[in-house]
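Student: let's see this in three dimensions:
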Amino acid sequence: MPRTLLLAPCTVHLWPRRRHPVLSWPTAAAQTYQVQRSTDLESWENIGVALTGNGTPMSYAQPSTADKVFLRVVIP
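Tutor: Residues are numbered from 1 along each chain as shown. Here you go, the predicted model:
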């Protein structure tokens with residue numbers, strides 16, 4: 001049976017000077033969030049450790065020299 005993956009609702013914007021994507025999402029207190037990246041939308045790798053929400057928005061900036069990078073936040 002396939003595993004159901006919960007995704008956190010996110011917004012993405014670019015840092016004006018460096019043009020790095022910045023991912024932001026609302027959090028719930030004590031909820032765990034894991035930022036992941038991919039270059040092909042099939043293989044995903046965790047970025048750092050899982051983060052614990054506190055009810056305020058969280059952000060992650062992705063410095064990258066890759067032509068393309070995909071980001072997501074999962075609720076493990």
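Student: just the strands in the chain please.
Tutor: Assigned by DSSP state E, the chain shows strands spanning 6-7, 11-14, 21-25, 32-38, 45-46, 51-52, 58-61, 70-75.
Student: can I get those strands in JSON lines including mean pLDDT and mean neighbour count?
Tutor: In this view, the C-beta of every residue, glycine as well, is placed from N, C-alpha and C. Formatted as JSON lines, these follow (pLDDT from 0 to 100; neighbours: other CB atoms under 10 Å):
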{"stretch": "strand 6-7", "mean pLDDT": "62", "mean neighbour count": "10"}
{"stretch": "strand 11-14", "mean pLDDT": "65", "mean neighbour count": "11"}
{"stretch": "strand 21-25", "mean pLDDT": "85", "mean neighbour count": "17"}
{"stretch": "strand 32-38", "mean pLDDT": "92", "mean neighbour count": "17"}
{"stretch": "strand 45-46", "mean pLDDT": "96", "mean neighbour count": "10"}
{"stretch": "strand 51-52", "mean pLDDT": "95", "mean neighbour count": "14"}
{"stretch": "strand 58-61", "mean pLDDT": "88", "mean neighbour count": "15"}
{"stretch": "strand 70-75", "mean pLDDT": "88", "mean neighbour count": "17"}
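Student: other residues contacting stretch 22-33?
Tutor: 8-15, 35, 50-62, 71, 73-76 (CB atoms under 8 Å, 6 or more residues apart in numbering).
Student: residue 26: how many residues sit nearby?
Tutor: 14 (other CB atoms under 10 Å).
Student: tell me how far residue 36 lies from residue 72.
Tutor: The gap separating residue 36 from residue 72 is 5 Å, by CB to CB, to the nearest Å.
Student: what touches both of the two?
Tutor: Joint contacts of residue 36 and residue 72 (CB under 8 Å, 6+ apart) are residue 44.
Student: nearest spatial neighbour of residue 63, chain-adjacent residues omitted?
Tutor: The spatial neighbour of residue 63 that comes closest, neighbours along the chain excluded (CB to CB, 6 or more residues apart in numbering), is residue 20 at 5.1 Å.
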